[in-house]
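1. Fold the following.
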Amino acid sequence: IQLVESGGGMVQPGGSLRLSCAASGFTFDSYGMTWVRQAPGKGPVWISQIDSGGDRTYYADAVKGRFTISRDNAKNTLYLQMHSLKPEDTALYFCARTVDYGLGPGQWGQGTQVTVSS
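-> Coordinates of the predicted model:
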């Protein structure tokens, strides 16, 4: 499988970004998908997931109400819309198939860096 994240960057507090995850090598619409982030010097943290059809979504408390996960199965792409960004959102953001999340970074994409700073 291949997962390629993009859309990260540097943004001021209160700003917005939309991350994308382009998937290939598997039947995308058969798998739930997950976003994970890892802040500098800390372990990875689950932040959101979506079922295969895009009907059910789940969020960590730290991002609930600010982030929205979605997917376009026709484009084999997963998204994470982030609003009201805070410095503590600074991290490397990864996407993964939900079934692979527990297997660790070897089964995730390469990540996209989000830096929130004034």
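
2. need the contact list for the residue positioned nearest the centre of the chain.
-> Per Cα atoms, centre = their mean, the C-alpha nearest to the average position across the chain is that of W35, at 3.1 Å. Residues near W35 by Cβ atoms under 8 Å, 6 or more residues apart in numbering: L19, C21, W46, I47, S48, Q49, I69, L78, L80, Y93, F94, C95. Bear in mind the C-beta positions are built from the backbone N, C-alpha and C, glycine included.

3. Would you convert these into a markdown table that also reports pLDDT, neighbour count and secondary structure?
-> Output for these, formatted as a markdown table (pLDDT from 0 to 100; neighbours: other Cβ atoms under 10 Å; DSSP: H, G, I helix; E, B strand; the rest coil):
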| residue | pLDDT | neighbour count | secondary structure |
| --- | --- | --- | --- |
| L19 | 98 | 23 | strand |
| C21 | 98 | 26 | strand |
| W46 | 96 | 16 | strand |
| I47 | 96 | 24 | strand |
| S48 | 98 | 21 | strand |
| Q49 | 98 | 21 | strand |
| I69 | 98 | 22 | strand |
| L78 | 98 | 30 | strand |
| L80 | 98 | 26 | strand |
| Y93 | 98 | 24 | strand |
| F94 | 97 | 24 | strand |
| C95 | 97 | 28 | strand |
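
4. Save those as TSV, and put in distance to G7 too.
-> TSV is the format used below for those (distance: Cβ to Cβ, whole Å):
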residue	distance to G7
L19	4
C21	9
W46	19
I47	15
S48	15
Q49	18
I69	13
L78	11
L80	8
Y93	9
F94	13
C95	11
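
5. Of these, which is the nearest to Y101?
-> W46 (6.9 Å; Cβ to Cβ).

6. So for the residue lying closest to the closest one once chain neighbours are set aside, what pLDDT did the model give?
-> Excluding the flanking residues, the one nearest W46 by Cβ to Cβ, 6 or more residues apart in numbering is V36, at 5.7 Å. At V36, the pLDDT value in this model is 97.

7. Good, wrapping up.
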